[in-house]
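**Student:** Predicted structure and sequence below. I'll ask about it afterward.
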Amino acid sequence: MEVKKDISMKRNSVNGKDLQTIIEFIESIQFGSITIIVQDGRIVQIEKNEKVRMK
């Protein structure tokens, strides 16, 4: 017997605060990366690594 998972009925989802934090990080850096750490289907950590380019 095969059990199918319905993606639309996931119990875990991204909340508005996490989404807003990610958007703010994206808007605030010119060069760098944003890492989202997920554990058990939930965001547990968001990291921002910014690079400063010297001319």
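**Tutor:** All right, it came through fine.

**Student:** Mind checking which residue lies nearest the centre of the chain?
**Tutor:** For the chain, the residue nearest the mean C-alpha position is residue 36 (3.9 Å; CA atoms, centre = their mean).

**Student:** who touches it in this structure?
**Tutor:** Neighbouring residues of residue 36 by CB atoms under 8 Å, 6 or more residues apart in numbering: 22, 43, 45-47. Just so you know, the C-beta spots here come from the backbone N, C-alpha and C atoms, and that holds for glycine as well.

**Student:** Would you list the buried entries among those?
**Tutor:** For the contacts of residue 36, a burial check counting by 16 or more other CB atoms under 10 Å picks out 22, 43.

**Student:** circling back: host element of the residue nearest to the centre of the chain?
**Tutor:** Assigning secondary structure by DSSP states H and E places residue 36 in strand 32-39.

**Student:** Please apply the same query to residue 46.
**Tutor:** Secondary structure assignment for residue 46, by DSSP H and E: strand 42-50.

**Student:** Partner strands of that strand and their direction?
**Tutor:** strand 32-39 (antiparallel) (DSSP bridges).
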